[in-house]
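In: my questions concern the predicted model and sequence given below.
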Amino acid sequence: MYKYTTRQLILPHEFFLPFGGKLNPKNTWCQLAAIIPWEQIEIKYAQTFKNLSSGHEALSVRTALGALIIQNRKRLSDRETVAEIVENPYLQYFIGLDCFIEEPPFDASLMVHFRKRLGQEIINEVNELIANESARPKPPDDKSSGHSGPESPEPSASAPEENVKNAGKLILDATCAPADIHYPTDIWLLNEVREALEEMIDTLHAPHIGISDKPRTYRDRARRDYLNVEKKKKLTAPKIRKAIGQQLRYIRRDLKIVAHLSQKSPLALLNKRQYRNLLVSQEIYRQQLMMYQRKTHQVDDRIVSLHMPFIRPIVRGKTNAPVEFGAKLAISIVNGFCFMEQMSFNAFNEGITLIESLENFRRRFGFYPKEVLADKIYRNRENLRFCKKNGIRFSGPPLGRPTNDEEVLKEQLRQERQDTGIRNAVEGKFGEGKRFYGLNRIMAHLLETSETVIAMQLLVMNLEKRLRLLWFIFFKVRFGLAHGTWG
């Protein structure tokens, strides 16, 4: 059951403090609470409940979303987040309490349910509610604009380009949000699978102790063979291949033993984690055996983690990390605010996201951008044709042979340097997210919660941008206009 609470919101000076005093409305958390449109978010949040009138009453969206914002803004664990809320009255006001309490408002385990309930789609919608108004470029003249709103019809192919009025700049780029996993090697992954299968064998044989002998798994010998390879600093390819073959044979034996024991003991004896590991182990064995037989290191949908099987290797070509393991994230930047365009744990070509990003821009603001600043990978013929059709300038040199006119060439180089300087803003956003908000290592271990955490970090960065704009306006009004220095 969910009960609407937006009509019961209180102001900072109404928050009761048992030790006296009042909350400062200029505090960062009070200002953040005023920025977020809680009422609109609650309508979307309530739709995730199947029954609003029966069952145990759920915590409000302000408590759930507020706790996630606190966690990502301060980079805390679930338990540290609850402990911080107990100690700080401003945080208790931020999550919607009306008075200071000395007991935890909820158990730390509920943070996982908050991340599941507030999924990626809801967080992205909240992000747009918060950022759209401030990120909106200066709109073109409505009388001459070919796109008067998000519901306007698609422009005609025969429409003259001079009648299409666009505004603003759209910056596009992609990065990887690495997951918190051990750097995967084939020998390490096979050892993890073997140990998981040995645990299942122990569980399935437990009812038959004293009745029948336990099948041999040679786990001590397998562990010794693994350590003989893992502890060596330098390994040759033949030694690695030999070690992989050994572990594959141990796993094959263990899988046969599990299949034999399942005829005597039901697989229901395995807990949820063990049963999931059994299914994943079978797929990892199939993939590794295929690569071993074909003498290759590539396979479709390659699994690199037993406990997080949704993670895939993402080849980025960076000097310090040519391959990363996590979600690939494509974002757009508009006036300093970032929006998620696409996210997937499977590698994708970010060039295919440009047209969809342009349509999202039009949906948000009612018109196409005037300029698109992106890498060369976005400059395919389909994207260039779409931009030309809709009067959008694409950064980079034009297709075809370079011109011989020195003045035109000089102007192209100047424009390219200017575009590169503006496009660096997206690299700054990636750096901000990875240095301050944990985008460099996603600590969630489930697919849906990992997606929520990544979306939350974009939301928190936009909230910080809104706060900086508020402080800029405050200082401009207080010091600039008072002394007549700013217009």
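Out: Structure's in. What do you need?
In: for the residue lying closest to residue 35 once chain neighbours are set aside, give me its contacts.
Out: With C-beta to C-beta, 6 or more residues apart in numbering as the criterion, residue 35 has its nearest non-adjacent residue at 5.4 Å, and that residue is residue 466. Heads up, the C-betas are built off the backbone N, CA and C, glycines and all. Residues near residue 466 by C-beta atoms under 8 Å, 6 or more residues apart in numbering: 35, 130-131, 134.
In: secondary structure element holding residue 466?
Out: For residue 466, the host element (DSSP states H and E) is helix 447-475.
In: what average pLDDT does that helix get?
Out: In this model, helix 447-475 has a mean pLDDT of 88.
In: quick one: that helix to chain centroid distance?
Out: With C-alpha atoms, centre = their mean, to the nearest Å as the basis, helix 447-475 stands 13 Å off its chain's centre.
In: do the same with stretch 373-388
Out: On the basis of C-alpha atoms, centre = their mean, stretch 373-388 sits 25 Å off its chain's mean C-alpha point.
In: tell me which residues of it come out buried.
Out: Within stretch 373-388, the residues that qualify as buried are 373-374, 378-379, 383-384, 386-387, counting by 16 or more other C-beta atoms under 10 Å.
In: what helices or strands is the top helix by length along the chain leaning on?
Out: Criterion DSSP state H: the longest helix present in the chain is helix 406-436. With contacts taken as 3 or more C-beta pairs under 8 Å, 6 or more residues apart in numbering; DSSP states H and E, helix 406-436 sits against strand 169-178, strand 323-334, strand 371-373, helix 447-475.
In: could the ones you listed go into CSV alongside distance to residue 410?
Out: Below are the helices and strands packed on helix 406-436 laid out as CSV (distance: least, C-beta to C-beta, whole Å):
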stretch, distance to residue 410
strand 169-178, 23
strand 323-334, 28
strand 371-373, 20
helix 447-475, 36
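In: so what pairs up with residue 393 in the strands?
Out: Beta-bridge partners of residue 393, counted by DSSP bridges, are residue 371.
In: picking up where we left off before, tell me which two of the contacts of residue 466 sit farthest apart.
Out: Maximum pairwise distance among those (C-beta to C-beta): 10.4 Å, between 35 and 131.
In: ok, those two, which is more surrounded?
Out: residue 131 (24 against 14; other C-beta atoms under 10 Å).
In: report the buried residues of stretch 317-328.
Out: By neighbour count on 16+ other C-beta under 10 Å, the buried set for stretch 317-328 is 324-328.
In: send the alpha carbons of it over as PDB?
Out: Extracted in PDB, the C-alpha atoms of stretch 317-328 (Å, rounded to 0.1, in the frame of the first residue of the first chain):
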ATOM      1  CA  GLY A 317      41.100   1.500 -26.400                       C
ATOM      2  CA  LYS A 318      42.400   3.700 -23.500                       C
ATOM      3  CA  THR A 319      46.100   3.700 -22.600                       C
ATOM      4  CA  ASN A 320      45.600   2.700 -19.000                       C
ATOM      5  CA  ALA A 321      42.600   0.500 -19.500                       C
ATOM      6  CA  PRO A 322      42.100  -0.900 -23.000                       C
ATOM      7  CA  VAL A 323      39.300  -3.200 -21.800                       C
ATOM      8  CA  GLU A 324      36.900  -2.300 -19.000                       C
ATOM      9  CA  PHE A 325      34.200  -4.400 -17.400                       C
ATOM     10  CA  GLY A 326      30.900  -2.700 -16.700                       C
ATOM     11  CA  ALA A 327      28.100  -0.700 -18.400                       C
ATOM     12  CA  LYS A 328      28.700   1.400 -21.500                       C
END
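In: need the contact partners of it.
Out: Against stretch 317-328 from outside (C-beta under 8 Å, 6+ apart): 174-179, 181, 183-184, 304-305, 311-316, 343-348, 350, 442, 450-451, 454.
In: what subset of these is buried?
Out: Using 16+ other C-beta under 10 Å as the burial test, the contacts of stretch 317-328 include 174-179, 181, 184, 304-305, 311-314, 343, 345, 350, 442, 450-451, 454 as buried.
In: by contact count, what packs against the helix or strand where residue 41 lies?
Out: Assessed by DSSP H and E, residue 41 sits inside helix 38-46. Counting contacts by 3+ C-beta pairs under 8 Å, 6+ apart, helix 38-46 packs against helix 61-74, helix 120-135.
In: just the ones you listed: most buried one?
Out: Highest mean neighbour count among the helices and strands packed on helix 38-46 (mean count of other C-beta atoms under 10 Å): helix 61-74, with a mean of 23.
In: helix or strand next in line after it, which one?
Out: Next along the chain after helix 61-74, taking DSSP H and E as the criterion, comes helix 78-87.
In: quick one: that following helix to chain centroid distance?
Out: 23 Å.
In: pull out the buried positions in that helix.
Out: Across helix 78-87, burial judged by 16+ other C-beta under 10 Å covers 78, 81-82, 85.
In: just name the closest of those to residue 18, please.
Out: Closest to residue 18 out of those is residue 85 (16.4 Å), distances taken as C-beta to C-beta.
In: which residues touch that closest one?
Out: Neighbour list for residue 85: 67, 70, 91-92, 95, 104-105 [criterion: C-beta under 8 Å, 6+ apart].
In: and of those, the nearest to residue 282?
Out: Closest approach to residue 282 among those (C-beta to C-beta): residue 67, at 38.1 Å.
In: separation between residue 25 and residue 442?
Out: 35 Å (C-beta to C-beta, to the nearest Å).
In: could you list the buried residues of the helix-or-strand element of the chain with minimal mean pLDDT?
Out: Lowest on mean pLDDT, DSSP states H and E among the helices and strands of the chain sits helix 38-46, with a mean of 84. The neighbour-count check on helix 38-46 (16+ other C-beta under 10 Å) flags 38, 41-42, 45 as buried.
In: from these, which is closest to residue 368?
Out: When the buried residues of helix 38-46 are ranked by distance to residue 368 (C-beta to C-beta), residue 41 comes first, at 28.3 Å.
In: the chain - how does it break down into domains?
Out: For the chain, the TED database gives the domain ranges 28-107, 169-179+311-479, 186-294.
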